[in-house]
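In: I would like the atomic coordinates for the input below:
(2 chains)
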Amino acid sequence: MLKILFHDPLRLGLAQAAAAALSALIVVFLARKRGIHLEKELAVALVRGLVQIIAVGSILLLLLRAPDWTSVFLLTAMIVAAGATSARRAKGMPGAFPVSTWAIACGAGSVIALMTWLGVIDTPITTLVPVGSMLIANAMNTNGLAMNRFRTDVLAHVGEIETALALGADGKSSVASYVQGSFEASLIPAIDSLRSLGIVWIPGLMAGMLLSGSRPLYAAIYQFVVLAMIFAASGLTSLVATLLIRNRVFSPAEQLVLRPGNGA
Amino acid sequence: MLADATFSVHTGETLAIVGPSGSGKSTLLRLLNRLDEPTTGSILLDDTDYKQIVPQELRRRVAMVTQRPFLFPGTVDSNLQFGPRQRREVLSSARIDELLASVGLAGYASRDVANLSGGEAQRVSFARTLANRPEILLLDEPTSALDEDSRHGIETLILEITRRSPVAASTPDIASANPQLTCVLVTHDLAQAARLAQRALVLKSGHIVKNGPIEEVLRAEDSVS
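Out: Presented below is the predicted three-dimensional model:
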């Protein structure tokens, strides 16, 4: 219907964005009816997301002409931005930003580097940056989930953790079960994506490749490749994040510093 | 929270720390266990600044039993093994039986902690702490979450393990396992302090306002109230 009303591609795109945003606003309205207030957070996220993606789209136009080595700077900037974004999910956690940034750099960064070296990801900037950004974005989500789950678990089990410390355990041992729980919980979306691939959903990358004329079998295999890379990047990120953050919640004298009332 | 708090605890004695809510009693106990860090001053253990001692070793020697037992999911046995396991030690089943018998829970080793009553859980918490063979026992309101019967049972247990009870002679294993066990008891209950301690220290608004033999301190408190 929108295609009948709008012929100009830019206007059509904006109309499509408005229609999609409207569906999100319906969810906000229904949530509000149940006393859950998402208005502010969602409004900011929608506007921010739209502005960011338009800006990125414009930058991508320029990138088509940029030299390939500039990918490194772009991907590094994306990792830092992802670290800052997911650190917000860990309010009160000491060192959430450096931990998140290092975790995403180790997780997504190493997978991008290795796969590019192996030739799984093509080196032209027009391929490397979009595929790399997919890995970074998923690593960011996983990192946010891991940090958030760890923070919630620690705050809910201060008594148990301090009891373990009082019995002579070190900090690492006293939060070991919460580290494991956070790692497992953070990987649920990535595992579910792999499990349901092709059955519940056909991911955007494969759809795009099909639309642009790629052979369906190659498109399908490459989509699996991307999801496997996402899983590897996310898993490594979560592993690094949980290992780094478990040391940050204790002082050098093995005292729990993440406690209710300590800014958490 | 605490200011100008200078006092000593003598080997083998039970010192009660009493005072109203918010006076700093639990904070003081957390500082002694080094769960919190003193911002100024120092705490000495046998004339050694306790910061010179590895925290895990300090907490094994100066052990704490909290108001709520916070047992770890699993069996009573696995809870008792927790402390020694941190030092890669395994308690023999004879030692487990001995510890459980000393807290009145003989035969409980294989029980799931989820099925214990409040009083039983607190007894397991005591046994778990004693499994580390501490030199000093810090007790933070150990009976305040219990009913009257359980409270009486835990008080008897405290007297037994500090070897001042008439029944202490019947539990020589505990005396030998914990020679010269020193105890610091935080309580808001003056009568309990009188039953369990030889000396008391009264805290008010983070300051020590009295420190002396239990009868003397209680008499002074009675005359104030």
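
In: Can you name the residues of chain B sitting close to chain A?
Out: Taking CB under 8 Å from any CB of the partner chain as the measure of proximity, chain B contacts chain A at B:33-37, B:51, B:55-57, B:59-60, B:63-64, B:66, B:68, B:70, B:72, B:82-83, B:86-87, B:128-129, B:132. Using the backbone N, CA and C atoms, a C-beta is placed for each residue, glycine as well.

In: Mind checking which of the residues you listed are buried?
Out: B:33-36, B:55-56, B:59-60, B:63-64, B:66, B:68, B:70, B:82-83, B:86, B:128-129, B:132 (16 or more other CB atoms under 10 Å in any protein chain shown).

In: so of the residues you listed, which ones are in strands?
Out: Using DSSP state E, the subset of those located in strands is B:A63, B:M64.

In: which residues of chain B fall in strands?
Out: Applying DSSP E to chain B gives strands spanning B:14-18, B:44-45, B:48-49, B:62-65, B:136-140, B:182-186, B:199-204, B:207-213.

In: Paired strands for the longest one, with orientation please.
Out: Same thing as strand B:207-213. Neighbouring strands of strand B:207-213 in its sheet, by DSSP bridges, are strand B:199-204 (antiparallel).

In: so how far is the partner strand from its chain's centroid?
Out: Taking the mean of its C-alpha atoms, strand B:199-204 sits 16 Å from the chain's own mean (CA atoms, centre = their mean, to the nearest Å).

In: neighbouring contacts of that strand?
Out: Here strand B:199-204 makes contact (CB atoms under 8 Å, 6 or more residues apart in numbering or on different chains) with B:2, B:5, B:7, B:10, B:13-20, B:23-25, B:28, B:193, B:208-214, B:217-218, B:221.

In: The strands of chain B into JSON lines, with extra columns for mean pLDDT and distance to A:L63?
Out: Below are those laid out as JSON lines (pLDDT from 0 to 100; distance: least, CB to CB, whole Å):
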{"stretch": "strand B:14-18", "mean pLDDT": "93", "distance to A:L63": "68"}
{"stretch": "strand B:44-45", "mean pLDDT": "90", "distance to A:L63": "64"}
{"stretch": "strand B:48-49", "mean pLDDT": "90", "distance to A:L63": "61"}
{"stretch": "strand B:62-65", "mean pLDDT": "93", "distance to A:L63": "60"}
{"stretch": "strand B:136-140", "mean pLDDT": "93", "distance to A:L63": "62"}
{"stretch": "strand B:182-186", "mean pLDDT": "94", "distance to A:L63": "65"}
{"stretch": "strand B:199-204", "mean pLDDT": "91", "distance to A:L63": "67"}
{"stretch": "strand B:207-213", "mean pLDDT": "89", "distance to A:L63": "67"}
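
In: Those residues of chain A touching chain B, which are they?
Out: A:159-160, A:162-170, A:173, A:251, A:253-256.

In: Spell out the residue ranges of the helices in chain B.
Out: Counting by DSSP state H, the segments of chain B that form helices are B:25-32, B:55-61, B:76-86, B:93-102, B:118-130, B:148-161, B:172-177, B:190-196, B:214-224.

In: Point out the most buried one among the ones you listed.
Out: Mean neighbour counts were compared across the helices of chain B using mean count of other CB atoms under 10 Å in any protein chain shown; the top stretch is helix B:118-130, at a mean of 23.

In: That helix relative to helix B:76-86, how many degrees between them?
Out: Calculated by axes from the mean of the first three to the mean of the last three CA atoms, to 10 degrees, helix B:118-130 forms an angle of 20 degrees with helix B:76-86.

In: helices or strands up against helix B:118-130?
Out: Secondary-structure packing of helix B:118-130 (3 or more CB pairs under 8 Å, 6 or more residues apart in numbering or on different chains; DSSP states H and E): strand B:62-65, helix B:76-86, helix B:93-102, helix B:148-161.

In: any chance of these in a markdown table, with distance to A:A20 too?
Out: Converted to a markdown table, those look like this (distance: least, CB to CB, whole Å):
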| stretch | distance to A:A20 |
| --- | --- |
| strand B:62-65 | 56 |
| helix B:76-86 | 53 |
| helix B:93-102 | 63 |
| helix B:148-161 | 61 |
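
In: of all those, which lies closest to A:G83?
Out: Minimum separation from A:G83 across those (CB to CB) falls at helix B:76-86, 34.0 Å.

In: tell me the mean pLDDT for that closest one?
Out: In this model, helix B:76-86 has a mean pLDDT of 95.

In: Give me the three-state assignment for the residue of the stretch 1-150 of chain A found nearest chain B.
Out: Closest contact between the stretch 1-150 of chain A and chain B, by CB to the nearest CB, is at A:P94 (14.8 Å). Three-state assignment for A:P94 (DSSP: H, G, I helix; E, B strand; the rest coil): coil.

In: neighbours of the residue lying closest to it once chain neighbours are set aside, just the number please.
Out: When the adjacent residues along the chain are set aside, A:P94 lies closest to A:R248, with 4.7 Å between them (CB to CB, 6 or more residues apart in numbering or on different chains). Other residues near A:R248 number 17, with proximity taken as other CB atoms under 10 Å in any protein chain shown.

In: and A:R248, how far is that from A:S173?
Out: 16 Å (CB to CB, to the nearest Å).

In: mind listing the strands for the stretch 1-150 of chain A?
Out: Counting by DSSP state E, counting those that start in this stretch, the stretch 1-150 of chain A has no strands at all.
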